[in-house]
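[1] Sequence and predicted model, in that order:
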Amino acid sequence: MTSRRSQTIALAAMCQSALMIQQVSKGVILNKDSLLCLFNGITTTDPKSVLDVYGSVEVLADGAKLVQLQLSGNATKKDVEVTRYLAGIMSISKKLLKNGSALSALTDKLTDVQRRLGHFEIDDPSIIQNFAECYSEVLSPLSQKIQVIGNPALLQQKSVQHKVRALLLSGVRAAVLWRQMGGKRRDFIFNRKTVLQDVISFNQELTSIH
């Protein structure tokens, strides 16, 4: 698999995470297969390829479509909320990769979560809480806090807060992978057409699968 294809898949996962943050904060029922895909990606810390992280990329279709909309150049189709989530996620991922102590702390915490997966499913509330704690304790202090917009009554619920933070963690995981595969924020300015074409091709493949 080429590095550009790997970048496209990681970018789709990043956007899938941002989209699901928006959905859960507004009470939209999440696609379970997509959620499991993103959460499994968090705990896959020593992959040989991006497919080892996300497996069945078909469940990232909504994220891939969102990438295409965000890069299409049509301002009316861009989602400002999602754009803000993505900017925050990318900022945290950049700072994480430059912070050895934070990387080490996150690795230790995720190792503990992996041990617990012998007894709980990955979408068990206690595991989601563990993911949320990883984000709050290690990642959140690295950058300016990401403000999540949604239903205030929902966002006051602990279970929703945990799911939002777990999805932020999955977004950072995807962003780290994207950077490790050679992705750079300046690509969205200087290589925008190339990135967009890669995403369009990926979406066409996903459509043909269905």
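    Right, received. Where do you want to start?
[2] I'd say residue 160 and residue 154 touch.
    Yes: the pair residue 160 / residue 154 is scored as a contact, 5.0 Å apart, by C-beta atoms under 8 Å. C-betas here are computed from N, CA, C, even on glycine.
[3] Could you tell me which residues touch both of the two?
    24, 25 (C-beta atoms under 8 Å, 6 or more residues apart in numbering).
[4] Neighbour count: these two, which is higher?
    Just comparing residue 160 and residue 154: by other C-beta atoms under 10 Å the higher neighbour count belongs to residue 160, 18 against 15.
[5] Spit out the contact partners of that one.
    24, 25, 154.
[6] do residue 198 as well
    Counting by C-beta under 8 Å, 6+ apart, residue 198 makes contact with 4, 5, 7, 8.
[7] Find the nearest non-adjacent residue to residue 181, please.
    Once flanking residues are discounted, residue 181 sits nearest to residue 6: 4.3 Å by C-beta to C-beta, 6 or more residues apart in numbering.
[8] Let me see the contact set for the one you found.
    Residue 6 neighbours (C-beta under 8 Å, 6+ apart): 49, 50, 177, 181.
[9] follow-up on the earlier one: dump the contacts of residue 160 to JSON lines, plus pLDDT.
    Formatted as JSON lines, the contacts of residue 160 follow (pLDDT from 0 to 100):
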{"residue": "24", "pLDDT": "97"}
{"residue": "25", "pLDDT": "97"}
{"residue": "154", "pLDDT": "96"}
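[10] Nearest to residue 173 among these?
    residue 24 (17.0 Å; C-beta to C-beta).
[11] residue ranges of the helices in this structure, please?
    With DSSP state H as the criterion, the chain has helices at 3-25, 32-43, 50-54, 61-71, 80-97, 100-116, 125-134, 152-155, 158-180, 187-190, 192-209.
[12] Next, find the distance separating the most centrally placed residue in the chain from residue 120.
    For the chain, the residue nearest the mean C-alpha position is residue 171 (2.2 Å; C-alpha atoms, centre = their mean). Counting by C-beta to C-beta, to the nearest Å, the gap from residue 171 to residue 120 is 22 Å.
[13] again, but for residue 8
    Here the distance between residue 8 and residue 120 works out to 32 Å (C-beta to C-beta).
[14] And residue 3, by the same measure?
    Distance, residue 3 to residue 120, by C-beta to C-beta: 35 Å.
[15] go on, residue 183?
    Taking C-beta to C-beta as the measure, residue 183 falls 32 Å from residue 120.
[16] which residues sit in contact with the nearest residue to residue 19 once chain neighbours are set aside?
    Using C-beta to C-beta, 6+ apart and skipping the chain neighbours, the partner closest in space to residue 19 is residue 66 (5.5 Å). Residues in contact with residue 66 (C-beta under 8 Å, 6+ apart) are 15, 16, 18, 19, 79, 82.
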